[in-house]
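Asks: I need the structure of the sequence given here:
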Amino acid sequence: MRPRFFGKWHMGGDQAPPRPEFDHWVSFPGQGTYMPVDAFGRTTMLNVNGRQVPQKGYITDELTDYVLDFLERRDRDRPFFAYLSHKAVHAMFTPAPRHAAQYADADIRLGDAPPPGADAPMWVRNQRNSWHGEEFPYHSELPLEEFTRQYHRTLSAVDDSIGRLRQWLKQAGLENDTIVVLMGDNGFLLGEHGLIDKRNAYEESMRVPLLVVAPGLFAPGQVVREMVANIDLAPTFLAFAGLAAPAHYDGRSFSGLMSPASGDVGRHARPAWRESLVYEYYWEFNYPMTPTTFALRTDQYKYIQYHGVWDTEELYDLRRDPREARNLIEDPALLDVKVAMRRKLFAALADGDGGHSVPFTEKFNQGAVFRHRNRSKAARYPEKWLRDKNADDRWEHVIPDGPDKAERLKVVNDALKDQ
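Replies: Below is the predicted model:
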């Protein structure tokens with residue numbers, strides 16, 4: 001059994017050639033377009049098994065049609081694996097015509113995390129008035145409430161797609177013999193922290209939906225609390241097929257975390273699981289408002305640091321503060337937590353030879369640098385960083401954080417008092 005692929009591949013630049021790993025291929029260059037004619041009046045083309053085929057309709061519906069056509073024509077004596085990768089719900093949000101007026105009268109509640117405060121990084125406060133901020137989203141005047149409506153309207157066609165596929169499985173008598181997995185490739189902020197988009201380590205960005213329907217295999221209605229990641233999908237699919245994952249895979253099968261259909265939920269023997277997860281985002285010149293970001297998340301804490309910018313770190317207690325509203329990076333009671341997570345993150349980011357490197361992309365213009373003239377101004381440096389001449393802690397940056405830092409700093413100050 002080899003998989004069949006339908007949808008957004010988003011690798012390979014302006015090409016979408018069939019990948020040799022798939023027996024059947026339907027894709028398009030880059031992000032593709034929602035409608036069959038792009039903004040320049042050109043017909044959008046799909047790559048169907050190496051042939052250029054004009055897109056006929058709304059892309060979410062058309063990709064679903066291709067999957068259903070494959071299912072009807074498949075070899076019924078062999079198992080199948082279909083990978084449907086929708087363009088939706090990528091910006092610029094464009095709903096199907098049938099959903100154009102959906103939610104018009106709905107009361108839209110925006111992200112309920114408080115706006116960036118004095119303990120938030122400067123880049124977060126500055127980003128609020130930018131391409132990826134709630135004040136100037138995508139450099140438009142569109143109210144964030146309407147922006148949110150468009151997001152959900154565009155997502156509605158994905159709901160329809162899932163319904164059509166599951167209905168086909170039911171009618172074909174395969175509902176109880178097919179595993180269906182739904183996962184998003186990123187989260188999205190709709191006003192939380194004063195931001196939009198996905199390029200940060202906050203919960204609304206780094207967490208994604210993951211649903212598994214497997215009648216007869218796993219008990220319905222259960223919630224897996226462990227930290228499962230996208231790197232775990234491939235090992236899990238192999239486990240479903242009775243195969244072991246290659247040794248070089250970073251992820252693990254999460255099938256053992258789910259209670260089998262034949263037992264009581266939560267009472268089966270669960271495998272030991274990861275205690276932390278690393279997050280990486282690398283600066284893109286066309287979106288210069290978000291720096292390179294590294295984070296380490298555990299079940300209780302999240303530590304975030306930034307590369308190449310003059311800004312503060314972040315530390316959150318996710319159990320007490322799930323919306324990440326209070327930055328605890330300077331809390332003396334959490335000094336050991338901060339130091340330990342810094343070290344663990346640095347070690348986890350090392351390559352196979354123990355080195356560290358930061359990739360970057362070629363710059364071809366100035367990027368999305370605009371700010372709205374009449375909205376929030378640039379953030380000021382935090383008060384905790386402001387000093388007068390010859391401050392007692394002016395050499396603080398050369399001494400690692402630790403319980404004896406104050407004592408060591410005094411020694412350095414005494415030695416360098418005339419410098």
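Asks: strands of the stretch 151-300 of the chain, start to end?
Replies: 180-183, 189-190, 196-197, 210-213, 276-281, 292-298 (DSSP state E, counting those that start in this stretch).
Asks: please name whichever of those is nearest to residue 20.
Replies: strand 180-183 (23.1 Å; Cβ to Cβ). (Each C-beta comes from the backbone N, C-alpha and C, glycine too.)
Asks: for the closest one, which outside residues touch it?
Replies: 162, 165-166, 169, 208-214, 230, 233, 237 (Cβ atoms under 8 Å, 6 or more residues apart in numbering).
Asks: can you flag the buried ones in these?
Replies: 162, 165, 169, 210, 212-214, 233, 237 (16 or more other Cβ atoms under 10 Å).
Asks: rewinding a little: let's have the strands of the stretch 151-300 of the chain in a markdown table, adding distance to residue 7 and mean pLDDT.
Replies: Shown next, in a markdown table, are the strands of the stretch 151-300 of the chain (distance: least, Cβ to Cβ, whole Å; pLDDT from 0 to 100):
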| stretch | distance to residue 7 | mean pLDDT |
| --- | --- | --- |
| strand 180-183 | 13 | 96 |
| strand 189-190 | 24 | 94 |
| strand 196-197 | 21 | 94 |
| strand 210-213 | 18 | 96 |
| strand 276-281 | 23 | 96 |
| strand 292-298 | 27 | 98 |
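Asks: on that earlier part again, could the contacts of strand 180-183 go into JSON lines alongside distance to residue 199?
Replies: Shown next, in JSON lines, are those (distance: Cβ to Cβ, whole Å):
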{"residue": "162", "distance to residue 199": "27"}
{"residue": "165", "distance to residue 199": "30"}
{"residue": "166", "distance to residue 199": "32"}
{"residue": "169", "distance to residue 199": "36"}
{"residue": "208", "distance to residue 199": "14"}
{"residue": "209", "distance to residue 199": "18"}
{"residue": "210", "distance to residue 199": "20"}
{"residue": "211", "distance to residue 199": "24"}
{"residue": "212", "distance to residue 199": "27"}
{"residue": "213", "distance to residue 199": "31"}
{"residue": "214", "distance to residue 199": "33"}
{"residue": "230", "distance to residue 199": "16"}
{"residue": "233", "distance to residue 199": "22"}
{"residue": "237", "distance to residue 199": "28"}
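Asks: low-confidence regions, the stretch 1-150 of the chain specifically.
Replies: In the predicted model of the stretch 1-150 of the chain, residues 1, 13, 112-118 satisfy pLDDT under 70.
Asks: and the strands in it?
Replies: 4-7, 24-27, 45-48, 51-54, 82-85.
Asks: isn't residue 86 right up against residue 62?
Replies: No. Residue 86 lies out of contact with residue 62 (Cβ atoms under 8 Å); the separation is 10.6 Å.
Asks: between these two, who's got more neighbours?
Replies: The residue with more neighbours, out of residue 86 and residue 62 and counting by other Cβ atoms under 10 Å, is residue 86; that gives 21 against 16.
Asks: residue 196: how many residues sit nearby?
Replies: Residues near residue 196, counting by other Cβ under 10 Å: 28.
Asks: also residue 379?
Replies: 19.
Asks: do the same with residue 84
Replies: So residue 84, with other Cβ under 10 Å, has 20 neighbours.
Asks: got a list of what it touches?
Replies: Residue 84 neighbours (Cβ under 8 Å, 6+ apart): 6-7, 63-64, 67, 161, 165.
Asks: hmm, try it at 6 Å
Replies: Residue 84 makes contact with 6-7, 67 under the criterion Cβ atoms under 6 Å, 6 or more residues apart in numbering.
Asks: which of the residues you listed sits closest to residue 41?
Replies: The nearest member of the contacts of residue 84 to residue 41, counting by Cβ to Cβ, is residue 7 at 23.9 Å.
Asks: that closest one contacts residue 63, doesn't it?
Replies: Yes. Contact criterion Cβ atoms under 6 Å: residue 7 and residue 63 qualify, at 5.1 Å.
Asks: so for these two, which sits in the more crowded spot?
Replies: The neighbour count for residue 7 versus residue 63, taken as other Cβ under 10 Å, is higher for residue 63 (26 against 23).
Asks: how much space separates the more buried one from residue 331?
Replies: Noted for residue 63: a distance of 48 Å to residue 331, by Cβ to Cβ, to the nearest Å.
Asks: how about residue 346?
Replies: 21 Å.
Asks: wait, residue 198 touches residue 188, no?
Replies: Yes. Taking Cβ under 6 Å as the definition, residue 198 is a contact partner of residue 188 at 5.3 Å.
Asks: not counting its neighbours along the chain, what's nearest residue 273?
Replies: Setting aside the residues directly before and after it, residue 273 is nearest to residue 226 in space (Cβ to Cβ, 6 or more residues apart in numbering), at 4.5 Å.
Asks: what about the one you found, how many neighbours?
Replies: Neighbour number of residue 226 under other Cβ under 10 Å is 14.
Asks: measure it to residue 183 for me?
Replies: 15 Å.
Asks: show me what contacts residue 317?
Replies: Applying Cβ under 6 Å, 6+ apart to residue 317 gives no contacts.
Asks: ditto for residue 85
Replies: 7-8.
Asks: from residue 161, how far out is it?
Replies: 11 Å.
Asks: what are the buried residues along stretch 326-336?
Replies: 327-329, 334.
Asks: and it, what's its mean pLDDT?
Replies: For stretch 326-336, mean pLDDT rounds to 95.
Asks: endpoint to endpoint, that stretch covers what distance?
Replies: 18 Å (Cα to Cα, to the nearest Å).
Asks: what lies in contact with it?
Replies: 119, 313-315.
Asks: can you name every helix or strand that the helix ranked longest in the chain contacts?
Replies: Using DSSP state H to define each element, the chain has its longest helix at helix 144-171. On a contact count with 3 or more Cβ pairs under 6 Å, 6 or more residues apart in numbering; DSSP states H and E, helix 144-171 meets helix 59-73.
Asks: which strands and helices lie in contact with the helix it packs on?
Replies: Checking 3+ Cβ pairs under 6 Å, 6+ apart, helix 59-73 ends up next to strand 4-7, helix 144-171.
Asks: deepest-packed of these, please.
Replies: The highest mean neighbour count among those, using mean count of other Cβ atoms under 10 Å, belongs to strand 4-7: a mean of 22.
Asks: shouldn't the residue nearest to residue 273 be in contact with residue 274?
Replies: No. The criterion here is Cβ under 6 Å, and residue 226 misses it with residue 274 at 7.5 Å.
Asks: quick check: the nearest residue to residue 157 once chain neighbours are set aside vs residue 89, distance?
Replies: Nearest residue to residue 157 in three dimensions, chain neighbours excluded: residue 60, at 3.9 Å (Cβ to Cβ, 6+ apart). Per Cβ to Cβ, residue 60 is found 9 Å from residue 89.
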